[in-house]
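Undergrad: coords please:
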Amino acid sequence: MTSMDTQNRLASRRDFIKTTGRLAAASALAGLNIPYVHAGDDHTIRLALIGCGGRGSGAVANAMSAGGLVLGDDAGTSRAAASGASGPIKLVAMAELRQDRIDQAHSALTQILGDRIDVPPERRFLGFDAYRHAIDCLRPGDVALLTTHAAFRAPHLEYAVEKGVNVFMEKDFAADPAGVKRMLRAGEAAEKKNLKIAAGLMARHSSARQALIGKIREGAMGEILLIRAYRMDPGYFMGPFQHNANELLWQLSPGHPFQFMWSSGGIFIELMIHQIDECFWIKDAWPVSAHGVGGRFAGSTDSSQNLDSYAIEYTWADGAKALVTGRYIPNCHNDFATFVHGTKCAAKFSGNIHAPTSWLYKDQRLEPANITWKPEKEAVNPWQAEWDVLLSAIRNNQPHNETRRAALSNLGAIMGRAAVHSGKIITWEEAMASDFQFCSNVDALNANSPAPVQADSQGRYPAPIPGKTVEI
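TA: Numbering: from 1, shown residues only. Sure, this is the predicted structure:
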């Protein structure tokens, strides 16, 4: 049995239950007369939710709360008007593989958001092709929310772009280099159509981190020599497949996709892509190479494809390094933070559960008494801010396309994972040139398809073997 649900509970925006109070306030203020513009005749932006888990529901909540209405006070109203994000929004279609997930999400969203959830049974679609039917319910100017797993992100994005609708897409964005290339092509097509694409690397929209980036760019830290990022927690182990169910649907059932490389890219990328993206943001460059080590602890009974330990060293052209460590083992020291070391001083970039604990130290000693600068407290959490930016761009017809940056950050994470799994140094050029893919027929999968990876007689799945495994 997996404990992946623990991760969903920890991710604050995706923890839908915790948003109930804020959303109630948003509902109460929905009638505020705030100016807005939109291509649609009634100025309403309509949403289609593709993937009805906690993340998808959380994204709908943030869309409905765009512009500051969740604050429920004059400051919130002022921010709403200033941001240009506010205006009527409705959820009009939903797509899922499982009836219970779509029913649960529809019930919870309706309870909190009322008639802004306008999804009658005929617009609740099931199956591998459900995303097409849901997107077909949209008009130009509307938004498709792509919140399924990484294997499906590229085909879903391609269809949304083909239909001429804007997109909010969750991380991860691709499980393999071939998926990244599809994302890049789709992003270029969206650019030509002036579509707005937001990517769920929300830390980029953290005002605290943005302020620290400003300090770094101004030279407050000197040259950046080292970045350290940690995500260490009790783990996400999976029991064996019992061979008494549809194996493909079992692999895609709640909690399981993170256990397979083909569906999500694996637990390391799922957890660490945010902090890997932070590393690339801090350096304002892509790394030239990666190498690393990883493994499983002795006696592990995990039946998934994941390792429980990953340690990656990224290197940039100027020789700077980033050390990225993921460890998922019970009863061990836990950590969740990113630190930066420059020639002048050190900084903490982010903290536990993506907290905006961003500040500068006087020197290299990471002690509270040694802090010399802190940013202003964030008025808007970054999960909300990314939606404010997207909807403002849509309503005001401003350029906004995060596809390329998100896809290349994902490629950098894949490069690090491949270095650990293969036991080799992987270069950026090799990653960019690679066409490797875990599942060549992902677009054609249906409920009767064999699973892309299959369990052995004990219900266990093949884990990477350094020296043999190839992923680039």
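Undergrad: longest helix anywhere in this protein?
TA: Looking across the chain with DSSP state H, the single longest helix is helix 403-422.
Undergrad: same for whatever helix or strand comes next after it, what does it pack against?
TA: Next along the chain after helix 403-422, taking DSSP states H and E as the criterion, comes strand 426-427. Packing contacts for strand 426-427, counted by 3 or more CB pairs under 8 Å, 6 or more residues apart in numbering; DSSP states H and E, involve strand 289-295, helix 403-422. (Glycine included, C-beta is placed from N, CA and C.)
Undergrad: The first one versus helix 403-422: what angle between them?
TA: Comparing the axes of strand 289-295 and helix 403-422 via axes from the mean of the first three to the mean of the last three CA atoms, to 10 degrees yields an angle of 50 degrees.
Undergrad: Just the buried positions in strand 289-295, please.
TA: For strand 289-295, burial by neighbour count (16 or more other CB atoms under 10 Å) applies to 289, 290, 291, 292, 294.
Undergrad: Apart from its neighbours in sequence, what residue is nearest the third one?
TA: Closest residue to residue 291 in three dimensions, ignoring its sequence neighbours and counting by CB to CB, 6 or more residues apart in numbering: residue 425, at 4.3 Å.
Undergrad: Nearest residue to the middle of this protein?
TA: In the chain, the residue lying closest to the centroid (CA atoms, centre = their mean) is residue 171, at 2.4 Å.
Undergrad: List phi and psi for it.
TA: When quoted as degrees, to the nearest 10, the phi and psi of residue 171 stand at phi -80, psi 160.
Undergrad: That one reaches residue 272, doesn't it?
TA: No. At 10.5 Å, residue 171 does not count as touching residue 272 under the criterion of CB atoms under 8 Å.
Undergrad: Residue ranges in the chain under the pLDDT threshold?
TA: Applying pLDDT under 70 to the chain flags the ranges 1-41, 67-83.
Undergrad: Would you mind finding the longest strand in it?
TA: Assignment by DSSP state E gives strand 224-233 as the longest strand of the chain.
Undergrad: Alpha carbons of that one, as CSV, please.
TA: What follows is strand 224-233, C-alpha atoms only, in CSV (Å, rounded to 0.1, in the frame of the first residue of the first chain):
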residue,chain,number,x,y,z
ILE,A,224,27.0,31.7,-6.8
LEU,A,225,29.2,28.6,-6.2
LEU,A,226,26.9,26.1,-4.6
ILE,A,227,23.2,25.3,-4.2
ARG,A,228,21.9,22.6,-1.9
ALA,A,229,18.3,21.2,-2.2
TYR,A,230,16.8,18.6,0.1
ARG,A,231,13.5,16.6,0.1
MET,A,232,13.8,13.8,2.7
ASP,A,233,10.7,12.2,4.3
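Undergrad: In it, which residues are buried?
TA: 224, 227, 228, 229, 230, 231, 232, 233.
Undergrad: Show me where the stretch 251-400 of the chain has its strands.
TA: Assigned by DSSP state E, counting those that start in this stretch, the stretch 251-400 of the chain shows strands spanning 289-295, 309-315, 321-328, 335-342, 346-350, 359-361, 371-373.
Undergrad: how many neighbours does residue 446 have?
TA: By the measure other CB atoms under 10 Å, the count of residues near residue 446 is 9.
Undergrad: does it really touch residue 126, like I thought?
TA: No. Between residue 446 and residue 126 there is no contact under CB under 8 Å: 11.9 Å.
Undergrad: rewinding a little: hmm, who's touching the longest strand of the chain?
TA: Strand 224-233 is contacted from outside by 216, 271-272, 275-276, 278-279, 282-283, 320-328, 332-343, 349, using CB atoms under 8 Å, 6 or more residues apart in numbering.
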